[in-house]
Structures are given as structure tokens and as C-alpha cells.
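Asker: I would like the atomic coordinates for the input below:
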Amino acid sequence: MDVKLIGITGGSGSGKSTVVRRIKEAQPESVLISQDSYYRSAPFISNENITAYNFDHPDAFDMDLMLSNLMDLKDGKACMMPQYDFVHHTRLDEYVRVEPKPLIIIDGLMIFYDKRIRDLLDLKLYVDTPPDIRFIRRLQRDITERGRTVESVIEQYTQVVRPGHFSFIEPTKEYADLIIPEGGYNESAMRVIFSFVKSLSAEF
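Answerer: Numbering: from 1, shown residues only. I've put the predicted structure just below:
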């Protein structure tokens, strides 16, 4: 099996998930690997001390394990992907078996930061969305899905998320094959992506 990897990155709340969803709709024979699954455990973190651990730094991720999983999939072998509890900030004991598919979609904040992972990707997409929109989306998500308070989200955003974006995420835009303003709602960009995905279909 000739496995192709599409990498999608961008700031927190940029709309990466919408791009992923639309690609999967266009090519059901695909599988998603989320970098969020590879966060390292930080069980001591709570709303009260949210900035005591920097989740917006490359060291927050187990990049070696992610690389190993992606290499297995690229070679047509199944891998065991970790699962993460975002409420308690811990990696779960359960792993999910991921079977290789002709198209693997990888999304995450810093998938372009590590050259080893970057070099595996056949198409690199950067979702570029204004900071105010990204913050609003993150605020809504963290409150509704992760049990966070408004105060803790704002504190984390100003102290670590925003600085981390400009230090580790924004600079990787230069590696992108395609920059997508406003993410999955940019129909012109999505048509280019669909064309790439369609070109792979003949190989599936």
C-alpha cells in the first residue's frame, strides 16, 4: 500500500478540524492522527495553576512516539495510538489500534516543528486565522469541553498560548505547501486540496 500523509497545522482555534472533516468527507478511505493524543501527562494541573505546565511548547508532546506511529503507518503497518484525558491532563492507559489507510491525515499545533515528522508529509497545510477568532473559538471549546473557567482560559492564553504561537507555530508557516486563510471555509483553497486528494484516488 502506498500511504500518503497530509499534515495540517495552525494556531489553536484556527479551524484545523474543519479542514480535516472536509478532507475525510472527500476521501472516506482516510484516517486521522491527532497530535493532541501525544500530549505528555500533567496531572498536577488544574484551573488554579493552569500556567504551571506549558502545553504550547514542543516539549509538551511525545514526538518520538508520534514519529514511530507515523513511520509504521507509512510502511503499511498498524500502530497503537495513545488516548488523552483533557479534563485531568493525563494520558489514558488505553491505546487505540490504527490500521493503515491510503491517506493519513495528521493535525496538530506543532507537526511542522519537528523536521523528522515534517519530512514524512506529502502535503503540508497551514490554516491561517486571525488571533481574535482563534481566541474566541478556544474560549468556547475549553469551557464547554474541558471544564475550564473563563479566567483560567484567559490567563493561559495570555501567558503561554499566545507567546507559544509566535515562538513555535507561526514560524513554521514557511514550510507549508499551501496556506489556507480562514480554514475549511475557504472554498478556493479547499478545491486545490480536493484536487490533490482526488489525484491520489487512482492509486487507492
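Asker: who's in contact with Tyr185?
Answerer: Shown in contact with Tyr185 (Cβ atoms under 8 Å, 6 or more residues apart in numbering): 15, 18. Using the backbone N, CA and C atoms, a C-beta is placed for each residue, glycine as well.
Asker: For this structure, just list every one of the strands.
Answerer: Assigned strands in the chain, in chain order: 4-10, 30-34, 79-85, 90-98, 103-107, 123-128, 178-181 (criterion: DSSP state E).
Asker: could I get these as a markdown table with distance to Lys16?
Answerer: Output for the strands of the chain, formatted as a markdown table (distance: least, Cβ to Cβ, whole Å):
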| stretch | distance to Lys16 |
| --- | --- |
| strand 4-10 | 5 |
| strand 30-34 | 9 |
| strand 79-85 | 16 |
| strand 90-98 | 19 |
| strand 103-107 | 5 |
| strand 123-128 | 5 |
| strand 178-181 | 9 |
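Asker: Dump the ones you listed into CSV; add distance to Phe166, mean pLDDT and mean neighbour count as well.
Answerer: Converted to CSV, the strands of the chain look like this (distance: least, Cβ to Cβ, whole Å; pLDDT from 0 to 100; neighbours: other Cβ atoms under 10 Å):
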stretch, distance to Phe166, mean pLDDT, mean neighbour count
strand 4-10, 13, 95, 25
strand 30-34, 23, 94, 19
strand 79-85, 25, 96, 16
strand 90-98, 28, 95, 12
strand 103-107, 20, 95, 24
strand 123-128, 13, 94, 23
strand 178-181, 16, 90, 17
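Asker: which stretch among those comes nearest Glu48?
Answerer: Evaluated over the strands of the chain, closeness to Glu48 peaks at strand 90-98, with 17.1 Å, by Cβ to Cβ.
Asker: Using PDB, write out the CA atom coordinates for that closest one.
Answerer: C-alpha atoms of strand 90-98 as PDB (Å, rounded to 0.1, in the frame of the first residue of the first chain):
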ATOM      1  CA  THR A  90      -3.300  12.700  31.700                       C
ATOM      2  CA  ARG A  91      -2.600  10.000  29.100                       C
ATOM      3  CA  LEU A  92      -5.000   7.100  29.500                       C
ATOM      4  CA  ASP A  93      -4.000   3.500  29.900                       C
ATOM      5  CA  GLU A  94      -6.000   2.600  26.800                       C
ATOM      6  CA  TYR A  95      -4.500   2.800  23.300                       C
ATOM      7  CA  VAL A  96      -6.400   2.700  20.000                       C
ATOM      8  CA  ARG A  97      -5.200   0.400  17.200                       C
ATOM      9  CA  VAL A  98      -5.000   2.400  14.000                       C
END
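Asker: Just give me how far that strand sits from the chain centre.
Answerer: Taking Cα atoms, centre = their mean, to the nearest Å, the mean C-alpha location of strand 90-98 is offset from the chain mean by 17 Å.
Asker: who are the neighbours of the lowest-mean-pLDDT helix or strand in the chain, in terms of helices and strands?
Answerer: Across the helices and strands of the chain, mean confidence by mean pLDDT, DSSP states H and E is lowest for helix 187-201: a mean of 82. Helix 187-201 sits against strand 4-10, helix 16-26, strand 123-128, strand 178-181, with contacts defined as 3 or more Cβ pairs under 8 Å, 6 or more residues apart in numbering; DSSP states H and E.
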